[in-house]
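Asks: okay, here's the prediction I keep looking at, along with the sequence it came from:
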Amino acid sequence: MGSISVVRSDSNLPCTTLDSKGTAWRDWVLNNLQRGCKPQTMLQSMAANAWDIESAGLALDEALALLARPHDWRTARPYINTPTNYLDCGDRIAQVLFSLQHPRIVLIDNLLSHQECDTLIELAEQKGIKKSAVVDRESGQFVDHHARSSSGSYFTRGENEHVACIEKRLAGITDWPVTHAEGLQILKYEPGQEYRPHFDWFDPNQPGSAKQLLRGGQRLGTFVLYLTDVEAGGSTVFPTLGVEVFPRKGAGVFFADVDETGKTEQKSLHGGSPVIKGTKIVATYWQRENKYG
Ligand SMILES: O=C(O)CCC(=O)C(=O)O
């Protein structure tokens, strides 16, 4: 199993010198140290790009100290506690229907109102729904791929009040900062369309995926929110586990992309099985290791 080789979430703690030139530099320093770059080489690059040598040295020392901190992945990843069968989302009460610890999967009903589902679809349609793409492992670019025949649209994080309210709810129930997530993605599947099984985490050993890791770190958790009921087919399938989750308007499934030790979760292999009858529309929400933006 590949372990994460990018900035961990406890490295979001403030550091005076490391923070002095903004988050882009902070992420650059932390990501490159975790990739195994030599501090001496980085010092030279920093000195050639806006840093004085003393501050660059201090920033590197702060970053190395941060990365040496022990990290408790159980409390430092998005996680849904299920002490009762209801989840208080602040603005609504949702019901827990299914929960698995290893890998962490939670199925929740009534996460969105039907009105919220309809508004999300309407807003996505106004933006335009195009053929979906996948991340190319070599280049990191989004490319057309036969494994994914759906179409879709993206919102930027907090793009409008409606989206921001849903993001806040998902962040709240996983106890994970709203800033550490990608914007909602809308996916639409007509009969015959599917998304073949894949992982949502990025493989640091693939050059294209490693590029994605530089912005926000690893994907730690995924929500698939069902915005429509579907008459036949269109389940979210976890082939390694033999589990299928069937779409139900307003419900959502959360699953962890890393395990409690921070390793990429091999059992999170999942896909959208072909729709047989009806139209399936989902929103996906990916929670990242670091601030995403
Ligand atoms: O459509 C589904 O049920 C799953 C979507 C999915 O696998 C993804 O967006 O990564």
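Replies: Here it is on my side, so go on. Source: prediction; values computed, not measured.

Asks: OK, contacts around A232?
Replies: The contact partners of A232, taken as C-beta atoms under 8 Å, 6 or more residues apart in numbering, are V275, I276, K277, G278. Where you see a C-beta, it was placed from the backbone N, CA and C, and this is true even at glycine.

Asks: out of the residues you listed, which is most surrounded?
Replies: Within the contacts of A232, neighbour counts (other C-beta atoms under 10 Å) peak at V275, which reaches 24 neighbours.

Asks: need the pLDDT of the nearest residue to that residue once chain neighbours are set aside.
Replies: Nearest non-adjacent residue to V275, counting by C-beta to C-beta, 6 or more residues apart in numbering: G234, 4.1 Å away. G234 carries a pLDDT value of 98.

Asks: same deal with the one 4 residues further on?
Replies: The predicted local distance difference test score for F238 is 98.

Asks: give me phi/psi at it?
Replies: Torsion angles at F238 (phi, psi; degrees, to the nearest 10) stand at phi -120, psi 90.

Asks: near the closest residue to it other than its chain neighbours, how many other residues are there?
Replies: Excluding the flanking residues, the one nearest F238 by C-beta to C-beta, 6+ apart is H270, at 5.0 Å. A count of nearby residues for H270, using other C-beta under 10 Å, gives 26.

Asks: re earlier: contacts only, for the residue nearest to V275.
Replies: Taking C-beta under 8 Å, 6+ apart, one finds Y189, F246, P247, G272, S273, P274, V275, I276, G278, K280 in contact with G234.

Asks: hmm, try it at 7 Å
Replies: By C-beta atoms under 7 Å, 6 or more residues apart in numbering, the residues touching G234 are Y189, P247, G272, S273, V275, K280.

Asks: I'd like to know which of those is nearest to C165.
Replies: Within those, the smallest distance to C165 is 21.8 Å, found for P247 (C-beta to C-beta).

Asks: the closest one and V224 touch, don't they?
Replies: No - look at P247 against V224 with C-beta atoms under 7 Å: they stay out of range, at 8.9 Å.

Asks: what about these two, which has more around it?
Replies: P247 (25 against 21).

Asks: nearest to the ligand: which residue in the stretch 151-293 of the chain?
Replies: Among the residues of the stretch 151-293 of the chain, G272 lies closest to the ligand, at 2.7 Å counting by C-beta to the nearest ligand atom.

Asks: excluding sequence neighbours, find me the nearest residue to that residue.
Replies: Nearest residue to G272, sequence neighbours excluded (C-beta to C-beta, 6+ apart): Y195, at 3.9 Å.

Asks: and that neighbour, how many neighbours?
Replies: Y195, neighbours per other C-beta under 10 Å, totals 24.

Asks: give the contact list for it.
Replies: Contacts of Y195 by C-beta under 7 Å, 6+ apart are A147, R148, S150, G271, G272.

Asks: and with 8 Å instead?
Replies: Contacts for Y195 (C-beta under 8 Å, 6+ apart) come out as S132, A147, R148, S149, S150, L187, Y189, G271, G272.
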